[in-house]
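I would like to see how this sequence folds:
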Amino acid sequence: MKVENDKREHAYLDPDAGKILVSVYAADWLARRAIKETTKQNYARFFRLHLIPHLGSKSLISVTARDVEIMCTAMVERGLSRRTVYHSIMVPLRSLFNSAVNEKRIPESPVARAALPRVKTKRVDEKSLPDGKAVMSVAGEIRPDWAISIWLMAGCGLRIGEVLALRHADFEGGTVRLRRQFVRLKRAGVYVAELSPLKAREEGEWRDVPVPPSVLDAVRRHVDKHGLGRDGYLMHTHQGGEVLDSNYRIDFRNAVKKAGFGDESWTAHTLRHFFASSAIAGGVSLLEVSRWLGHATIQITADIYGHLTPDAGGRLRSVMDQVLTGVSVVGADHGARAGSVLVSEAEER
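Numbering: from 1, shown residues only. Purely as a prediction, here's the structure:
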């Protein structure tokens with residue numbers, strides 16, 4: 001009677017459906033995902049290195065929240081950062097067990113019940129960032145035909161993969177339209193650069209980014225002196241082929257050292273921080289900066305850069321003072337008005 005009622009209420013669980021091994025279900029689940037090839041490879045690597053060794057021999061129905069907690073702790077102990085574990089790796093794990101719930105194989109997800117501490121977004125320390133002079137020093141030390149990348153990352157906030165996939169035709173007037181990025185994939189034992197949609201975007205989506213005149217001038221000089229690669233790419237090898245991000249990172253790191261900056265935290269991504277912090281310090285709104293950086297949500301931008309908003313404390317003091325006193329703050333003495341409010345309150349008492 002209960003079984004028939006559960007079926008009518010769509011709450012019935014086939015007692016045999018959850019007996020499938022995690023290793024078998026994971027392989028089937030991944031094969032059914034309509035996701036980018038790079039994402040699929042990342043998921044497959046996580047399954048091979050972590051999920052299967054820890055949970056592969058267990059049935060879906062037998063996996064507990066404690067099993068998930070132990071696996072995550074083991075990954076951190078093996079050297080993975082907590083941020084990687086609790087942000088990147090939790091994505092496929094949650095999705096896998098959520099699918100099992102939706103397919104009526106298990107009653108609820110063990111991941112949802114697991115006690116996994118959240119990792120706060122790390123705010124950028126603006127005092128650790130390079131200034132414009134330092135950025136140009138690195139541009140002077142990197143191989144000349146790749147120096148344009150420094151201008152584009154620092155002046156437009158582009159990611160490495162976006163710069164590598166940039167074509168000359170993507171520039172129009174004072175704007176560059178980003179449609180794709182290059183990602184590194186392993187094909188037949190060899191790493192290759194493959195076009196992929198922008199991060200946090202679907203195929204065919206794009207974003208427009210304003211280009212400063214100085215960066216446009218740098219693009220023109222680059223094209224005149226170094227030409228374009230196959231299919232019109234700005235960045236290319238000496239033979240005109242696509243540039244792998246791994247090769248670029250090596251050259252960038254060497255340029256940083258040659259310029260006299262030995263700090264290992266000084267990476268190509270630092271130039272995105274330089275762009276964002278400079279824009280916000282100059283009064284550009286978080287909303288616009290978030291859109292130009294290509295963040296999935298403005299909350300990400302606010303968590304990383306929100307504290308850099310110029311004179312936010314001063315504006316707050318001015319606004320609240322005007323609300324409380326009814327007197328415009330501009331040109332008024334804050335201390336005198338605050339004192340007068342206190343005197344008025346004392347007189348009323």
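
how close does the most centrally placed residue in the chain sit to V215?
By CA atoms, centre = their mean, the mean C-alpha position of the chain lies nearest to H295, the distance being 6.6 Å. Between H295 and V215 the computed distance is 21 Å (CB to CB, to the nearest Å). Glycine gets a C-beta too; all of them are placed from N, C-alpha and C.

re the thing from before, surely the residue nearest to the centre of the chain and R201 touch.
No: H295 is beyond contact range of R201, at 11.0 Å (criterion: CB atoms under 8 Å).

any regions of the stretch 151-300 of the chain where pLDDT drops low?
263-265 (pLDDT under 70).

if we use 80, what do you get?
Low-confidence segments of the stretch 151-300 of the chain (pLDDT under 80): 185-189, 200-203, 262-265.

please, where are all the helices along the stretch 201-349 of the chain?
Using DSSP state H, counting those that start in this stretch, the helices found in the stretch 201-349 of the chain span residues 213-226, 245-258, 270-281, 286-293, 298-305, 312-325, 334-348.

most packed of the ones you listed?
Mean neighbour count (mean count of other CB atoms under 10 Å) peaks for helix 270-281 among the helices of the stretch 201-349 of the chain, with a mean of 21.

sorry, back to before: so which of the helices of the stretch 201-349 of the chain is nearest I89?
In terms of CB to CB, the element of the helices of the stretch 201-349 of the chain nearest to I89 is helix 298-305, at 18.5 Å.

what helices or strands is that closest one leaning on?
Counting by 3 or more CB pairs under 8 Å, 6 or more residues apart in numbering; DSSP states H and E, the packing neighbours recorded for helix 298-305 are helix 270-281, helix 286-293.

for the closest residue to K36 other than its chain neighbours, grab the count of nearby residues.
Spatial nearest neighbour of K36, excluding adjacent residues (CB to CB, 6 or more residues apart in numbering): S196 at 5.7 Å. Neighbourhood size, S196 [other CB atoms under 10 Å]: 19.

S196 contacts R184, doesn't it?
No: here S196 lies out of contact with R184, judged by CB under 8 Å, at a distance of 10.0 Å.

sorry, back to before: let me see the contact set for the residue nearest to the centre of the chain.
Contact analysis of H295 by CB atoms under 8 Å, 6 or more residues apart in numbering lists A200, T301.

against T39, how distant is it?
In terms of CB to CB, H295 sits 18 Å off from T39.

S277 now?
The value you get for S277 to T39, if CB to CB is used, is 30 Å.

what sits against the residue nearest to L55 when sequence neighbours are not counted?
Leaving out its chain neighbours, the residue that sits closest to L55 by CB to CB, 6+ apart is V22, at 4.7 Å. By CB under 8 Å, 6+ apart, V22 lies in contact with L51, I52, L55, G56, S57, K58, S59, L60, V63.

next: G262.
V256.

again, but for P197
K36, R180, Q181, E203, G204, E205 are the contacts of P197 under CB under 8 Å, 6+ apart.

dihedrals phi and psi, the fifth one?
Geometry field for G204 lists phi and psi as phi 90, psi -10, criterion degrees, to the nearest 10.

and the host helix or strand of V176, what's buried?
For V176, the host element (DSSP states H and E) is strand 175-178. For strand 175-178, a neighbour-count test (16 or more other CB atoms under 10 Å) marks V176, L178 as buried.

could I get the CA-only coordinates of it as CSV?
Below are the C-alpha coordinates for strand 175-178, written out as CSV (Å, rounded to 0.1, in the frame of the first residue of the first chain):
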residue,chain,number,x,y,z
THR,A,175,35.9,48.8,-27.8
VAL,A,176,37.0,45.2,-28.0
ARG,A,177,34.4,42.5,-28.3
LEU,A,178,35.4,39.2,-26.5
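
ok, it: who's next to it in the sheet?
With DSSP bridges as the test, strand 175-178 is paired with strand 171-172 (antiparallel), strand 207-210 (antiparallel).

what's the last one in contact with?
So that's strand 207-210. 156-158, 174-178, 198, 201, 291-292, 294.

and which of these is nearest to W146?
Closest to W146, out of all of the contacts of strand 207-210 and judged by CB to CB, is L158, at 13.7 Å.

element containing the residue lying closest to that closest one once chain neighbours are set aside?
Nearest residue to L158, sequence neighbours excluded (CB to CB, 6+ apart): L152, at 5.1 Å. Here L152, judged by DSSP H and E, is contained in helix 148-156.

how far away is the residue nearest to A100 when sequence neighbours are not counted from K19?
Using CB to CB, 6+ apart and skipping residues adjacent in sequence, the residue nearest A100 is I106, 4.9 Å away. Plainly put, I106 is 10 Å away from K19 if you go by CB to CB.

more neighbours: these two, which one.
A side-by-side neighbour count of I106 and K19, using other CB under 10 Å, places I106 first with 21 against 12.
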